[in-house]
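[1] Any chance you can model this:
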Amino acid sequence: MKSYKFFTTVFLMAAVIFLAPSCDSALDNPQEDTVVESGIDYTNISLRKELIEGAYYTLYNLQWETYPLLSVRGDDVNAKGDQEPLLETEAFRYSRSFWMYNSTWLNLYSDIINWHAAIEEIEKFNANSNDPGVGQQYIAEINVMQGYELLLLARLWGGILIPTSSQAEDLYNSEVTSFEETMAYISNLMDEAMPSLLDVAPNQHPVVKGGITRSTALAIKAMANLEMKNWQGVADATSQIIQSGQFSLFADYYELFKTPGKLANENILELQYSDFGQGSGDAVRYLHAFFGPNNWTPEVSGASGGWGFWEPSMKYIKFMIDRGETVRLETSVNFTNEGIDSLQAQPGYSTLPTFISNTTRDNDVWGTTDGSANPRAIFSSGKHYLPSNQLIPGRTDYGSNKNFICIRYAEVLLMHAEALINGASSSVMSADAAVNAVRSRAGLGNLSGVTLDNVLDEKFAEFGMEWGIRFYDLVRHGKTSELTGYSDEDRFIPYPLQQIDLLPQLEGN
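    Now for the predicted structure:
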């Protein structure tokens, strides 16, 4: 993967009307403003490609705080560390002034507005092109990016403002679009995009390997319809992905989240990062340190640890042991000695499966070596862990060179099953077959006559610590008694205080 950057004389950086408070100046890297110069030669069609590359650069530059805010409220994960308002968010005690709320709002809205700017510029090139279809493909890919981030915004805040141009100030006069209306908007946007998208697997995309294709749009359409409980819409979209034959489950679940899983046939949307095979110099990476251990002994000496802010829950671990999970538990959870001791203190768990230890398959050792207590997380997410022996020699940053998977074929299969269990129909694959395909990869036996509880349990096991999937499943099906402290008004977090001051139409929504 190359480092995609905006071609500064072509791309119009939209003006952002919001003010962003800083958490850590070392982590805040605002994009430099760029200006479209007068007299751009819009007949120079070769410049158009720079715009789609810049759009992907923006997508891959998803700031680190967005993911934990989306994911923290499920019963599969615990927030740890010194971000007290994040710990409070996990417990459904929300603070409008928490910097992470406003930062995530700004991150997502600035992406969407900048993508509108890119679309407007591509349209100018298309007007002078003999092959406007290529430009329409680029626009469609950007619209899918917008649809995905609108989905993230709505999952957090419910009713949102939908930007329709590159002029951020237009949001002053925008009405709040309800959660259900936003999901319908996203579904329709995906329908509009699909005719212009390539009908290949993302890892076969000819311009951006791993880029957006028709199946990416179908998956996002299925996710939007899932939230609307339009079960037949989910089944129709997932059936098309399954029937395409472009995807398969990666054989080794553990390695799916490591270097061998990059651009796997299972990955439908994947944020891509790279050290470019070099031990020093430029790199494009996600800040995986948020998820990493604050105390470990890596096999490769000098490999950095993390912050210890992200901990698989005891509930999740016991659930997986009770199911006889091995591969998915070993993948999803890295154990410290303190964590193992804490688990064994739980009634009925004094004797653990022999594969559970504080040493990973790749010989990285989690936890202390000096007898002192682990100050933060006593379990870590293995899905956000890159073994130190998979680092490019010379690189030491935690998770350096690791991609970030957003949507997997396994999710498509289990959304398909969820839709069928709720009354949808499909001739492509039964609910039993979809669930059993995922179970087989995990080394579990087949089920017959699967129920909604079977499907939700399978999703819990398969997607622990991934994108808040567990929380949104429980809310959608009214199973929130699983969530300690949750009440119906807790489904969405409050709008950031800074945005209410700027956008008064948010007040009261």
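[2] so who does residue 472 touch?
    155, 227 (CB atoms under 8 Å, 6 or more residues apart in numbering). Bear in mind the C-beta positions are built from the backbone N, C-alpha and C, glycine included.
[3] Please read the previous query as pertaining to residue 353.
    Residue 353 makes contacts with 321, 326, as judged by CB under 8 Å, 6+ apart.
[4] tell me the SS of it?
    coil (DSSP: H, G, I helix; E, B strand; the rest coil).
[5] What backbone torsions are found at it?
    phi -60, psi 140 (degrees, to the nearest 10).
[6] all strands of this protein, in order?
    Along the chain, counting by DSSP state E, strands occupy 77-79, 267-271, 296-297, 310-312, 333-335, 365-366, 379-381, 404-408.
[7] Find the nearest non-adjacent residue to residue 59, please.
    residue 145 (5.2 Å; CB to CB, 6 or more residues apart in numbering).
[8] Go ahead and confirm that neighbour touches residue 212.
    Yes: with contact defined as CB atoms under 8 Å, residue 145 reaches residue 212; the gap is 6.9 Å.
[9] Which residue of the two possesses the greater neighbour count?
    More crowded of residue 145 and residue 212, by other CB atoms under 10 Å: residue 212, with 29 against 22.
[10] OK, contacts around the residue lying closest to residue 43 once chain neighbours are set aside?
    Distances taken as CB to CB, 6+ apart put residue 128 closest to residue 43, at 4.5 Å, once the chain neighbours are dropped. By CB under 8 Å, 6+ apart, the residues touching residue 128 are 42, 43, 45.
[11] Next, the contact list for the residue nearest to residue 59, please.
    Contacts of residue 145 (CB under 8 Å, 6+ apart): 55, 58, 59, 111, 115, 212.
[12] Using a markdown table, lay out the residues you listed together with pLDDT and distance to residue 92.
    As requested, the contacts of residue 145 are exported to a markdown table (pLDDT from 0 to 100; distance: CB to CB, whole Å):
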| residue | pLDDT | distance to residue 92 |
| --- | --- | --- |
| 55 | 97 | 35 |
| 58 | 96 | 32 |
| 59 | 97 | 30 |
| 111 | 97 | 27 |
| 115 | 97 | 32 |
| 212 | 98 | 34 |
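[13] Out of those residues, which sit inside helices?
    When DSSP state H defines the helices, the subset of these inside them is 55, 58, 59, 111, 115.
[14] State the distance from the fourth one to residue 483.
    To tie it back to what came earlier, the one meant is residue 111. According to CB to CB, to the nearest Å, residue 111 stands 29 Å off from residue 483.
[15] Now do the same contact list for the nearest residue to residue 316 once chain neighbours are set aside.
    Counting by CB to CB, 6+ apart, residue 76 is the residue found nearest to residue 316 once chain neighbours are left out, at 4.5 Å. With contact taken as CB under 8 Å, 6+ apart, residue 76 is in contact with 312, 313, 315, 316, 460, 464, 465, 470.
[16] Number of residues surrounding the fifth one?
    In this case it means residue 460. By other CB under 10 Å, the residues close to residue 460 number 22.
[17] per-residue pLDDT, it?
    Per-residue pLDDT puts residue 460 at 98.
[18] Now the phi/psi pair for the residue nearest to residue 43, please.
    Backbone torsions for residue 128, taken as degrees, to the nearest 10, come to phi -120, psi 20.
[19] Residue 241 contacts residue 235, doesn't it?
    No: if you go by CB under 8 Å, residue 241 and residue 235 don't touch, sitting 11.0 Å apart.
[20] The residue nearest to residue 174 when sequence neighbours are not counted: neighbouring residues, count only.
    Distance criterion CB to CB, 6+ apart; nearest residue to residue 174, sequence neighbours excluded, is residue 161 at 4.5 Å. Residue 161: 23 surrounding residues under other CB under 10 Å.
[21] And the contacts of residue 128, which of them are buried?
    Among the contacts of residue 128, those classed as buried by 16 or more other CB atoms under 10 Å are 42, 45.
[22] contacting residues around the nearest residue to residue 227 once chain neighbours are set aside?
    Using CB to CB, 6+ apart and skipping residues adjacent in sequence, the residue nearest residue 227 is residue 183, 4.9 Å away. Shown in contact with residue 183 (CB under 8 Å, 6+ apart): 151, 154, 224, 225, 227, 228.
[23] Grab the nearest non-local neighbour of the fourth one.
    When the adjacent residues along the chain are set aside, residue 225 lies closest to residue 233, with 3.6 Å between them (CB to CB, 6+ apart).
[24] How is this structure divided into domains?
    Using automatic domain parsing, the domain parsing of the chain gives 45-197+491-506, 288-402.
[25] center of the chain - which residue?
    The geometric centre of the chain, computed from its C-alpha atoms, lies nearest to residue 406 (CA atoms, centre = their mean), at 3.9 Å.
[26] can you pull the contacts of it?
    With contacts defined as CB under 8 Å, 6+ apart, residue 406 is in contact with 148, 268, 269, 270, 271, 467.
[27] From the ones in helices among the contacts of residue 145, keep the buried residues only.
    Those of these that meet the buried threshold are 55, 58, 59, 111, 115, by 16+ other CB under 10 Å.
[28] I figured the fourth one hits residue 58, correct?
    Yes: if you go by CB under 8 Å, residue 111 and residue 58 touch, sitting 5.3 Å apart.
[29] Check the offset of stretch 330-344 from the chain's centre.
    Here stretch 330-344 is found 25 Å from its chain centre; the criterion is CA atoms, centre = their mean, to the nearest Å.
[30] what about it, average pLDDT?
    Taken as a whole, stretch 330-344 carries a mean pLDDT of 95.
[31] pLDDT at residue 372, what is it?
    Per-residue pLDDT puts residue 372 at 57.
[32] brain fart, residue 41
    88.
[33] Tell me how many other residues crowd the nearest residue to it once chain neighbours are set aside.
    Excluding the flanking residues, the one nearest residue 41 by CB to CB, 6+ apart is residue 47, at 7.8 Å. Per other CB under 10 Å, the neighbour tally for residue 47 reads 18.
[34] does residue 47 really touch residue 129, like I thought?
    No: applying CB under 8 Å as the test, residue 47 and residue 129 come out as separate, 10.9 Å apart.
[35] Tell me which stretches of the stretch 201-350 of the chain form helices.
    According to DSSP state H, counting those that start in this stretch, the stretch 201-350 of the chain carries its helices in the segments 214-228, 231-244, 253-256, 314-322, 327-332, 337-344.
[36] What are the contacting residues of the last one?
    Right, helix 337-344. Outside helix 337-344, the residues touching it (CB under 8 Å, 6+ apart) are 314, 317-318, 335, 349-352, 356-358, 367-368, 373-374, 378-379.
[37] Next: stretch 238-251.
    Here stretch 238-251 has contacts from 199-201, 204, 215, 218-219, 222, 256, 261, 264-266, 268, 409-410, 412-413, 415-416, 419, 426-429, 434, 437-438, 441, using CB under 8 Å, 6+ apart.
[38] Also stretch 135-143?
    Applying CB under 8 Å, 6+ apart, the external contacts of stretch 135-143 come out as 48, 51-52, 55, 115, 118-119, 122-123, 125-126, 129, 189-190, 192-198, 211-212, 217.
[39] contacting residues around the residue nearest to residue 443 when sequence neighbours are not counted?
    The shortest distance from residue 443 to any non-neighbouring residue, by CB to CB, 6+ apart, is to residue 327 (5.4 Å). Residues near residue 327 by CB under 8 Å, 6+ apart: 253, 254, 441, 442, 443.
[40] The same query, at a cut-off of 6 Å, please.
    Contact analysis of residue 327 by CB atoms under 6 Å, 6 or more residues apart in numbering lists 253, 442, 443.
[41] I'd like to know how many residues surround the last one.
    For residue 443, the number of neighbouring residues by other CB under 10 Å comes to 12.
[42] And the pLDDT at it?
    We have a pLDDT of 97 for residue 443.
[43] any idea how far it is from residue 469?
    With CB to CB as the criterion, residue 443 and residue 469 are 21 Å apart.
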